[in-house]
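Chemist: No sequence on hand, only this structure:
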């Protein structure tokens with residue numbers, strides 16, 4: 001899987017506007033903000049986080065049932 005786009009919902013925008021009005025948040029949810037979120041996503045490959053898409057490294061494990 002690969003992240004293609006980050007979107008903001010009406011609820012998120014409304015809640016953010018309320019928080020800004022109350023002085024709890026600053027800034028705006030705009031295209032630059034959403035692009036920054038998208039660019040900040042990291043993928044787990046089973047051992048470490050990576051910036052680009054990865055394959056999960058499978059490790060064979062023997063599972064014994066009692």
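Modeler: All right, it came through fine. Values in this document were obtained by computation on a predicted structure and should not be read as measured data.
Chemist: make it CA atoms for all contacts and neighbour counts henceforth
Modeler: Noted.
Chemist: Please name every helix or strand in contact with the lowest-mean-pLDDT helix or strand in the chain.
Modeler: Across the helices and strands of the chain, mean confidence by mean pLDDT, DSSP states H and E is lowest for strand 43-44: a mean of 86. Secondary structure elements in contact with strand 43-44, counted by 3 or more CA pairs under 8 Å, 6 or more residues apart in numbering; DSSP states H and E, are strand 49-50.
Chemist: Contacts for the strand it packs on, please.
Modeler: 42, 43, 44 (CA atoms under 8 Å, 6 or more residues apart in numbering).
Chemist: From those residues, keep the buried residues only.
Modeler: Applying 16 or more other CA atoms under 10 Å to the contacts of strand 49-50, the neighbour count classes residue 43 as buried.
Chemist: Switch the contacts of strand 49-50 over to JSON lines; also include distance to residue 50.
Modeler: JSON lines is the format used below for the contacts of strand 49-50 (distance: CA to CA, whole Å):
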{"residue": "42", "distance to residue 50": "5"}
{"residue": "43", "distance to residue 50": "5"}
{"residue": "44", "distance to residue 50": "6"}
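Chemist: The helix or strand hosting residue 35: how far from the chain's middle?
Modeler: Secondary structure assigned from DSSP states H and E places residue 35 in helix 31-39. With CA atoms, centre = their mean, to the nearest Å as the basis, the distance from the averaged C-alpha position of helix 31-39 to the chain average is 10 Å.
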